[in-house]
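**Q** Model the structure of this input:
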Amino acid sequence: MRHNKKFNHLGRKTAHRKAMLSNMASSLIQHKRIATTLAKAKALQVYVEPILTKSKEDTTHSRRMVFSLLQNKEIVTELFTSVSEKIADRPGGYTRILRTGFRLGDNAEMCIIELVDYNENMLKEKAVKKAARTRRSSVKKEVADAPVATEETPVAE
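**A** Alright, predicted model coming up:
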């Protein structure tokens, strides 16, 4: 039985896995979007979401905790300046995984993992969808089918 064995080891030893996730998290913070396999993206999502939550509070302790996981001063600085401002009002769910298909060589499922607040295309579509929302009822349908009378008032000159 495999009770309480939810962790995906990704076929690597502990040190290799931690180094890989640290590098991938740094790349995600730097580039805002990376392409990888689905298994690695899911593992990265679990790894990077607590880091992004810690970055919302800019204290020496939180900076040191994040640096111990990322090991890159420039990335930590970028995380605490530009990224934390964008995610400040979001209560969680900072990353999005978009499946892109299968890799030709070994048929591994590929995906893109990205920071949610940095995808401008999806933010625009979301704003348009909210504005276009209407309620449907039979009363409006009858009114919409009736001919619209327009009165033009003559302009007195």
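
**Q** quick one: which helix or strand includes E114?
**A** Element membership of E114 [criterion: DSSP states H and E] is strand 109-115.

**Q** Please identify the pairing partners of that strand and their relative orientation?
**A** strand 33-37 (antiparallel), strand 95-102 (antiparallel) (DSSP bridges).

**Q** how about stretch 113-124 as CSV, C-alpha atoms only?
**A** The C-alpha coordinates for stretch 113-124 follow below in CSV (Å, rounded to 0.1, in the frame of the first residue of the first chain):
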residue,chain,number,x,y,z
ILE,A,113,3.3,27.4,-16.5
GLU,A,114,2.9,31.1,-16.1
LEU,A,115,2.3,33.8,-13.5
VAL,A,116,-1.4,34.6,-13.7
ASP,A,117,-1.1,38.4,-13.4
TYR,A,118,1.4,38.7,-16.2
ASN,A,119,-0.7,37.3,-19.1
GLU,A,120,-2.1,40.4,-20.7
ASN,A,121,-4.2,38.5,-23.3
MET,A,122,-6.2,36.6,-20.7
LEU,A,123,-6.6,39.7,-18.6
LYS,A,124,-8.2,41.5,-21.5
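
**Q** quick one: contacts of that stretch?
**A** With contacts defined as C-beta atoms under 8 Å, 6 or more residues apart in numbering, stretch 113-124 is touched by 28-29, 32-34, 36, 41, 44-45, 83, 86-87, 90, 93-98. No exception for glycine: its C-beta is placed from N, CA and C like everyone else's.

**Q** So how do I select the buried members of those residues in PyMOL?
**A** Provided next is the PyMOL selection string for whichever of the contacts of stretch 113-124 are buried by 16 or more other C-beta atoms under 10 Å:
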select buried, resi 28+29+32+34+36+41+44+45+83+87+94+95+96
